[in-house]
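Q: Make a model of this:
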Amino acid sequence: MEKNRQNFIDVSEICLLAGEIMLASGAETYRVEDTMVRIAHAYGVENAESYVTPTAIIFAVNGELYPAGTKMKRIERRTTDLNKIATVNSLSREISEGKWTMESAYERLKQIKKENISFSVPIQLLAAGIASGCFVIMFLGKWIDVLPGIVAGSIGYFCFLTIHQIVKVRFFSEFVSSLIIGFTANIFVYTGIGDQADKIIIGSVMPLVPGLLITNAIRDLMVGHLISGLAKGAEALLTAFAIGAGIAVAYAIF
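A: Presented below is the predicted three-dimensional model:
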């Protein structure tokens, strides 16, 4: 019984850590729950249940060989890191195939949590700038506005990354970044470098738009996770409001 008790503790900690990494990296609620249950089943825990919200994970197990128990983990910070989601997904599949012991899987998950496998800041800024320039053309902007869109998008995303690290207030970084994008676009048009400020702004704010959050909210609603879907939808709406408010203030001042 003592061995079974230790197995229960190990399995629950593995499942909670895997769920924490995925949820904090922007994974859908149903994907987090499914991954946790699959890992528990792979290690012989058949009666496992998980309940996930955007801010907390609850994992419970009950059975003849395992004493009833429930554990909870709060998620205070969430970001978008598809690399970590894919890595944990791959690890969970290998666990289901019996390639990892509980000890080695737990150590690997701790490594994944500590690793910074996201792209470097210069690469992110380059990608944001290129995407902004492409969006300018997509929204029927002129070719003369592509370069201002690239510059404004890169500057705005740099401000977003910097402010997000300094100020922990949600939505403040989006507001300030869009405000700076609005100023930058209008300066380009005022100096004659750009032609259509609205097209430059629309393209430049696209890297800030919570597209993954909106997609996850819809997918959670479709599979029946109403609380998570509504919560993520509200978060996406507030982010969009912060972006719009920043642009509005920039136009009002300029």
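Q: Show me the shaky parts of this structure.
A: Across the chain, the ranges flagged by pLDDT under 70 are 1-9, 62-68, 117.
Q: From S104, how far off is I14?
A: In this structure, I14 and S104 are 10 Å apart, going by C-beta to C-beta, to the nearest Å. (Glycine included, C-beta is placed from N, CA and C.)
Q: I58 belongs to a strand?
A: Yes. Judged by DSSP: H, G, I helix; E, B strand; the rest coil, I58 forms part of a strand.
Q: what's around it, how many residues?
A: 15 (other C-beta atoms under 10 Å).
Q: just A242 next, same as before
A: 20.
Q: in whichever strand or helix holds it, what counts as buried?
A: Assigned by DSSP states H and E, A242 belongs to helix 226-253. Buried residues in helix 226-253, counted by 16 or more other C-beta atoms under 10 Å: 228-229, 231-233, 235-236, 239-240, 242-243, 246-247, 249-250.
Q: I14 and S104: which is more packed in?
A: The residue with more neighbours, out of I14 and S104, is I14; 24 against 11, by other C-beta under 10 Å.
Q: Skipping its backbone neighbours, what lies nearest that one in space?
A: Y106 (5.1 Å; C-beta to C-beta, 6 or more residues apart in numbering).
Q: in the helix or strand where the one you found lies, what counts as buried?
A: Using DSSP H and E, Y106 sits within helix 102-114. Judged by neighbour count using 16+ other C-beta under 10 Å, the buried positions of helix 102-114 are M102, A105, Y106, R108, L109, I112.
Q: Please apply the same query to stretch 116-124.
A: Counting neighbours by 16+ other C-beta under 10 Å, stretch 116-124 gives Q124 as buried.
Q: With stretch 202-222 instead?
A: 202-208, 210, 213-214, 216-217, 219-220.
Q: How far off centre is the helix or strand hosting I39?
A: Assessed by DSSP H and E, I39 sits inside helix 29-42. Distance of helix 29-42 from its chain centroid, counting by C-alpha atoms, centre = their mean, to the nearest Å, is 19 Å.
Q: just the angle between that helix and helix 102-114, please?
A: 160 degrees (axes from the mean of the first three to the mean of the last three C-alpha atoms, to 10 degrees).
Q: care to break the chain down by domain?
A: 2-114, 121-253 (automatic domain parsing).
Q: Of these, flag the one that's most buried.
A: domain 121-253 (a mean of 19; mean count of other C-beta atoms under 10 Å).
Q: So F139 versus R219, what's the distance?
A: Taking C-beta to C-beta, one finds F139 at 26 Å from R219.
Q: got it, and S154?
A: S154 is 30 Å from R219, by C-beta to C-beta.
Q: what do you get for L109?
A: Counting by C-beta to C-beta, the gap from L109 to R219 is 24 Å.
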